[in-house]
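In: Quick one, fold the following:
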Amino acid sequence: MKQINHIIGGSEVVSTSGRTSPVFNPATGEVTAEVGLGTVEEVDQAVAAAAAAFGPWSETSLAKRTAIMFRFRDLVDRYKEDMAGLLTAEHGKVLSDSLGEVQRGLENIEYATGVSEHLKGEFSQEASTGIDVYSVRQPLGVVAGISPFNFPAMVPMWMYPNAIATGNTFVLKPSEKNPSVNMLAAELLDEAGLPHGVFNVVQGDKVAVDRLLEHPDVAAISFVGSTPIARYIYTTGTNAGKRVQALGGAKNHMVVLPDADIGLAADAAVSAGYGSAGERCMAISVVVAVGSSADPLVAAIEERIPGLAVGAGTDADSQMGPVITAEHRDRIAAFVEGAPSEGATVVVDGTSQTFEGDGFFIAPSLIDNVTPEMACYRQEIFGPVLNVVRVDTYDEAIELIAANPFGNGTAIFTRDGGAARRFQIDVDAGMVGINVPVPVPVAYYSFGGWGDSLFGGVHAYGPEGINFYTKAKVITSRWPDPATSSIDLGFPQNI
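Out: A predicted model of the protein is given here:
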């Protein structure tokens, strides 16, 4: 049985807790590895290694830091297929999705290579007579990241490239469900020339998380995951005096106006709702059909679902893989099975499809006539289930989205430029797509929602990511004029 351990101070460290967590291949149900769950002492060891590395690393020139990040970027690009293979083996998503995940992570590494530009301060000469004022941004110290199972390569890359490039040292606590890709990332950082202790990986569960949250030498915590845990991370971390960015769950709505291209909207709903088996915080989970768009839209989505091939992620014909665990599959099925008792119409029942073997497969489901009171609407299902809510007007669609506690992402499909422009202003969400169903920002913007999708107000990666991992300092300086100073500075008097 493969054992997955910690990386602390550049060395592999075996957990002494005696507690392990299984890593499954979701396509087969087979346990392929065991993760040694960390102890408080092992977390302390990782933080101590990071703290020892911080001084030398923070004093390393921007030129040397940038060179290391460029080498790391090239190594990730070289080994992206290996990373994608690990993602498919432990998460289950199809290889094309896995490669796409690595590519989006790679974009964030590329952004971090521009750290010399990102850290440029401001300068005001002669703000007052003989006085100059300027600003700099300096690293925080030891920072930590706690990442989710659904994007085990990309989400940590939202965090540690910017954190490291800006001069911090990093402790990553990845998901125990699929940690192998971050072990490979640690190897590549080492090969790129990153000094030992700058990047550490601690495997673990709540024990490790709680120790990171309370550890006095951890200056900041980055988290992506469910809303209840994000709220806990934010509250606990800030109470301990830490800087915290905590991104939570989502219930993303896609509004389809009567003038929309129904075929385009249906294609978008299928890809955005069922891609990666719906296990992504930017998945479309609610289609808001406005007025006369409803019947043709539901019919078009229903027509497309049988053509969506569900199978192992390693199968070139597969378009959707399994979900992460058997327990999660059963939870998703319960939402679909319970919908009719609340008055919804199950148009396509993914729970009725059977699969050979012991993999964690569930087929796509489509539920129509959903209302905000129903469990399938209120809860974040995080699986391949599309809910359709019918409203009469654009204003009702806006009110529906505003009333939902989540405000991560949203989209509108329309041919009307005026309606699209009004939507981007009116809607209560942090990321908006116009005829784009999954509006994940590029790496030089920042990612984050509103409401219960974000705690602390600081978005991930991009400019806000740079600011999160640094603190501003403003310097006001005055120097005596050598020509008038009473102190002999050793300069010619006519300098």
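In: how does this structure divide into domains?
Out: 2-248+453-476, 252-434 (automatic domain parsing).
In: End to end on the first one, go ahead and measure it.
Out: Domain 2-248+453-476 has an end-to-end distance of 57 Å (criterion: Cα to Cα, to the nearest Å).
In: do the same with stretch 114-129
Out: End-to-end distance for stretch 114-129, by Cα to Cα: 35 Å.
In: Check the model's average confidence along it for me.
Out: Average pLDDT, stretch 114-129: 96.
In: Give me the contacts around that stretch.
Out: Residues outside stretch 114-129 that contact it (Cβ atoms under 8 Å, 6 or more residues apart in numbering) are 62-63, 65-66, 69, 132-137, 162, 165-166, 463, 466, 470, 476. (C-beta placed from N, C-alpha, C; glycine too.)
In: now those residues: which count as buried?
Out: With burial judged by 16 or more other Cβ atoms under 10 Å, the buried subset of those is 62, 65-66, 69, 137, 162, 165-166, 466, 470.
In: Sitting in helices, which of the residues you listed do you find?
Out: With DSSP state H as the criterion, helices contain 62, 65-66, 69, 162, 165, 466 from among these.
In: What is the nearest of those to residue 425?
Out: Nearest to residue 425 among those, counting by Cβ to Cβ, is residue 466 at 27.5 Å.
In: Nearest residue to the closest one in space, please, no chain neighbours.
Out: Residue nearest to residue 466 in three dimensions, not counting chain neighbours: residue 118, with 4.7 Å by Cβ to Cβ, 6 or more residues apart in numbering.
In: ditto for residue 284
Out: residue 272 (3.9 Å).
In: Can I take it that that neighbour is in a helix?
Out: Yes. Counting by DSSP: H, G, I helix; E, B strand; the rest coil, residue 272 is part of a helix.
In: That one and residue 364: what is the separation?
Out: For residue 272, the distance to residue 364 equals 12 Å [Cβ to Cβ, to the nearest Å].
In: go on, residue 253?
Out: 18 Å.
In: again with residue 282
Out: Distance from residue 282 to residue 364, by Cβ to Cβ: 17 Å.
In: try residue 376
Out: 14 Å.
In: Common neighbours of these two, please.
Out: Counting by Cβ under 8 Å, 6+ apart, the common neighbours of residue 376 and residue 364 are residue 385.
In: between these two, which one's more packed in?
Out: Ranked by neighbour count (other Cβ atoms under 10 Å), residue 376 and residue 364 place residue 364 first, with 25 against 22.
In: What separation do you get for that one and residue 314?
Out: Residue 364 is 20 Å from residue 314, by Cβ to Cβ.
In: and what of residue 5?
Out: Separation of residue 5 from residue 314 (Cβ to Cβ) stands at 26 Å.
In: Neighbour count for these two, which is higher?
Out: Taking other Cβ under 10 Å, residue 5 and residue 314 do not tie; residue 5 has more neighbours (20 against 16).
In: wait, the more buried one sits on residue 12?
Out: Yes. At 5.2 Å, residue 5 counts as touching residue 12 under the criterion of Cβ atoms under 8 Å.
In: which residues touch the residue nearest the centre of the chain?
Out: Centroid-nearest residue in the chain, with Cα atoms, centre = their mean: residue 155, separated by 3.9 Å. Residue 155 makes contacts with 147-148, 224, as judged by Cβ under 8 Å, 6+ apart.
In: and stretch 322-329, which residues are buried?
Out: Neighbour counts over stretch 322-329 (16+ other Cβ under 10 Å) mark 322-325, 328-329 as buried.
In: what's the answer for stretch 287-295, then?
Out: Buried residues in stretch 287-295 (16+ other Cβ under 10 Å): 287-291, 293-294.
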